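Student: Build the 3D model from these lines:
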Amino acid sequence: MLTLFLPQLLHAVWRARVTGFWPIWIGTTGLAAICVAWAVRTGELPAGWAAREGRKTASHPGDTSHPIWPRTAVPALVVLSLFLLCYIAVTLVWEDFAYYDESGLTLFALAGHYFAPPIWRETGRFFPLGYQEFNLIRHFTSTVVGYHVFPIAQLLVLSCILLVLDDEMSITARAALTALVLTSTGVVYVFTGLLYSDRNLIVWLICMVYCIKRFDRGFSPGWAVAAAVCAQIMIYYKEPAFLLLLTFAASRLVFRSRTLRPTGGLRSLLRHKASRLDLCLCFLGGLFFLYYVAAMLPHLNKQYAEQQAMSLGQVILFYLKLDLLAWFFAAVVLRRFYLIWRRRVEPSQLWDALAFGGLVYFAAYLYLRLAAVYYLAPVDVIAVLYLGRLTFQAWESMHLRTKAAAIALVAVVLVQDVSFSALRLVERKNVIHAKTELASAIKARYSSDTQNPQRLFFPFATPYVIMEFGSYLHYRGVPVEGAPDQPAGANNVKLVSELVANDGPCMDFRSLICHSAGQPERGDLVIVLPDDNASIARTTPYRDGGSVLFSYEPYPPIPDWLRPAIGHLGFALPNSARKEIPDRWLHASVIEWN
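Tutor: Reported below is the predicted structural model:
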C-alpha cells in the first residue's frame with residue numbers, strides 16, 4: 001500500500017511545488033520541528049555539564065532568573081525609549097501608499113486581492129514568504145498607519161531582543177549598540193518602508209540567535225524547536241539567507257569538533273545535543289536550495305540578477321561609498337578566521353559562527369554583482385553586534401592608540417550612516433508628500449470636468465515611476481486607464497510620456513497603460529514629479545508653456561550651500577541611475593499646457 005501511495009504523493013507534491021507552497025512549507029516546518037525535538041531529546045549533554053549546573057544551583061539555590069538591571073541602566077533605557085519614539089514618529093509622518101513598489105498594495109492588497117507567494121520562475125526569484133503579512137493585515141485595516149503597525153511592532157521586538165541578547169555587556173552598552181543598529185542606513189531603509197523582505201529576515205535572524213543562545217545554556221528541546229522554526233521562516237524571505245544559515249550552523253559544528261576531538265571525536269560530535277540542532281539547521285538550508293531548484297525547473301535562470309547586475313568594480317565602489325561598516329566587519333572577521341585557524345584564539349560558537357555567516361551573505365551579493373542600499377542590512381546588524389562585542393571585551397586591555405583608532409572608526413561609520421539615513425528620510429518623506437499633494441490637485445482638476453478624457457503628460461519620469469504614480473492615483477479615486485477592476489471608458493485618465501516606446505502596459509507586470517507622445521497637447525496636465533532626474537533648465541520650458549496649477553517645494557528647504565555636499569550622494573537613492581542629485585531635487589508641479 002505504501003509503495004503505491006508514496007510515488008503518487010511525491011508526484012502530487014512535484015506538480016504543486018509552486019502553486020502549493022503553503023502546504024509544502026507548513027508540512028516541512030512541522031516535520032522539522034518534530035525531528036529537532038526528537039534529535040535534541042535523545043542527544044547527549046556535554047561532559048561535566050550536569051556537574052557544573054549542580055554547582056551553580058548549590059551556589060544560588062532557587063535563583064534561576066537573570067539579575068535585575070541596576071539603577072545605572074535607567075538613563076540608558078530612557079534615552080533609548082525616547083530614540084524609539086522619535087524613530088516611530090518619523091516613520092509615520094507624511095506617510096501614504098505613494099512610494100516605489102507600493103502599487104502592489106494599492107492595486108491588490110488594499111483592493112482586497114490575495115498576494116500569491118513570490119515564486120517568479122520567469123525571473124528566477126524565490127522568496128515565497130515575501131509580502132505574505134499583507135494578506136493578513138488587509139483584513140484588519142486599510143490605513144497607512146495600520147499597515148505600519150506591523151513594522152513598528154517588529155522594530156520594538158528587535159530592540160527588546162537586542163537589549164537582552166548579549167548579557168556579558170552592560171545595559172548601557174547594549175542600548176548603545178541597539179541605537180547603532182537602528183541608525184545604520186540599510187536598517188533605516190527597511191524599517192521605515194513597507195515592502196522590504198529584508199526587515200523580516202533581520203527580525204527572524206535575531207530571534208533565531210536568541211533561541212540558540214538560550215538553548216546553549218540549558219539544551220532545552222523547546223528552544224531548539226523555536227530556533228529551527230525561526231530559521232525555517234528566515235530563509236524563505238531572501239534567497240541568499242540560506243547561505244547565512246548553512247555557514248552559521250556548519251561553523252558551529254566545526255568549532256565544536258575541535259573542542260570534542262580529544263574526548264571522543266566524530267561520535268561525540270554527532271551525539272551532542274547542540275550538534276544535532278546544528279545538523280538540522282544545515283538540513284533546512286539544504287532543503288531550501290533543493291526547493292528553489294525544483295521550483296525553477298525545467299528552466300533555471302538568473303534573469304533578475306543578470307538584469308540588475310553591475311560590474312564587480314562598480315559594486316565594490318558602491319558599497320565602499322555607502323557602507324564602510326561592512327568592509328570593516330569583513331576585515332575583522334577574516335583576521336579572526338586566521339587566528340582561529342592558527343589556534344591563537346578560542347572561537348565563540350555563537351558569535352564567530354554568526355559573523356562567518358554574515359561574511360558569506362555579503363560575499364553572495366558581491367558574487368551576484370547586486371548593489372542596493374538595503375541588501376546589506378542584515379550584514380550591518382551582525383556587524384554592529386559582533387564588532388561591538390569584540391570592542392567591549394578588549395577595551396580594558398587596549399592601548400591608548402588602539403582606543404583612539406576604534407573611536408575614529410566608529411565616528412566615521414556613524415557620520416556615514418547618519419548622512420545617508422537623513423538623506424533617505426528627507427527623500428522618502430518629500431517624495432510621498434509631494435505625490436499626495438499632486439494627486440489631490442489632479443483629482444480636483446479631474447472632478448471639475450469628468451466628461452472629457454484627461455491626459456497626464458510626464459516629460460521626465462520613467463515608465464516604472466509613471467506606473468507607480470498612476471496606481472496611486474487610482475487608489476485616490478482617479479480612474480486610470482488599464483487599472484485592475486476598472487472598466488474601459490472615455491473618462492479614464494491616460495498616462496502619456498515621451499520615454500515610452502510604444503502604447504501598452506507601462507510595465508509588463510502591471511496592467512496600467514502608458515501612451516507614447518513627443519510633447520504635450522493643449523489641455524494636458526504636465527506632471528513634474530519630485531523624483532524626476534531633471535534640472536531647473538530642463539523643467540523651465542514646461543513651466544513657461546502653461547499655467548501652473550500646483551507647485552511643491554521640499555521641506556525642510558535645502559540651502560544652496562548644502563547642495564554641493566549632498567549632490568554626489570544620489571547613487572544611494574532608490575530608483576536612481578543618476579550620479580548626482582539635480583538642482584531641482586524634490587520639487588514638483590502640475591501645469592496645464594496651453
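Student: check contacts around Ala377.
Tutor: 184, 186-187, 189-190, 198-199, 202 (CB atoms under 8 Å, 6 or more residues apart in numbering). Bear in mind the C-beta positions are built from the backbone N, C-alpha and C, glycine included.
Student: Show me the residue at the heart of the protein, geometrically.
Tutor: Residue closest to the average C-alpha location in the chain (CA atoms, centre = their mean): Asp198, at 2.2 Å.
Student: Next, work out how far apart Thr19 and Pro128 are.
Tutor: Applying CB to CB, to the nearest Å, the value for Thr19 to Pro128 is 11 Å.
Student: For these two, indicate the residue with more neighbours.
Tutor: Higher neighbour count among Thr19 and Pro128: Pro128, with 21 against 12, using other CB atoms under 10 Å.
Student: The more buried one against Ile119, yeah?
Tutor: Yes. Contact criterion CB atoms under 8 Å: Pro128 and Ile119 qualify, at 5.5 Å.
Student: remind me which residues of the stretch 451-594 of the chain are low pLDDT?
Tutor: 451-453, 487-490, 575-579 (pLDDT under 70).
Student: Overlap of the contact sets of Pro128 and Ile119?
Tutor: Residues touching both Pro128 and Ile119 (CB under 8 Å, 6+ apart) are Phe21.
Student: Now do the helices in the stretch 251-400 of the chain.
Tutor: For the stretch 251-400 of the chain, applying DSSP state H, counting those that start in this stretch gives helices covering 265-271, 273-296, 303-308, 312-322, 324-341, 351-368, 377-394, 400-447.
Student: would you list these in JSON lines and tack on mean pLDDT?
Tutor: Formatted as JSON lines, the helices of the stretch 251-400 of the chain follow (pLDDT from 0 to 100):
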{"stretch": "helix 265-271", "mean pLDDT": "77"}
{"stretch": "helix 273-296", "mean pLDDT": "94"}
{"stretch": "helix 303-308", "mean pLDDT": "84"}
{"stretch": "helix 312-322", "mean pLDDT": "92"}
{"stretch": "helix 324-341", "mean pLDDT": "95"}
{"stretch": "helix 351-368", "mean pLDDT": "96"}
{"stretch": "helix 377-394", "mean pLDDT": "94"}
{"stretch": "helix 400-447", "mean pLDDT": "93"}
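Student: Export those to a markdown table and append columns for distance to Leu499.
Tutor: A markdown table is the format used below for the helices of the stretch 251-400 of the chain (distance: least, CB to CB, whole Å):
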| stretch | distance to Leu499 |
| --- | --- |
| helix 265-271 | 60 |
| helix 273-296 | 33 |
| helix 303-308 | 18 |
| helix 312-322 | 24 |
| helix 324-341 | 35 |
| helix 351-368 | 28 |
| helix 377-394 | 31 |
| helix 400-447 | 18 |
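Student: quick one, which of those helices is nearest to Leu80?
Tutor: Across the helices of the stretch 251-400 of the chain, Leu80 has its closest neighbour in helix 377-394 (14.4 Å, CB to CB).
Student: Report the angle between the closest one and helix 400-447.
Tutor: 150 degrees (axes from the mean of the first three to the mean of the last three CA atoms, to 10 degrees).
Student: picking that back up, of all the contacts of Ala377, which two lie farthest apart?
Tutor: Ser184 and Arg199 (12.8 Å).
Student: By neighbours, which of the contacts of Ala377 wins?
Tutor: Result: Gly186 is most packed of those (other CB under 10 Å), 29 neighbours.
Student: contacting residues around Asp216?
Tutor: If you count contacts by CB under 8 Å, 6+ apart, Asp216 has them with 274, 349-350.
Student: Now name the helix or strand holding it.
Tutor: According to DSSP states H and E, Asp216 maps onto helix 197-218.
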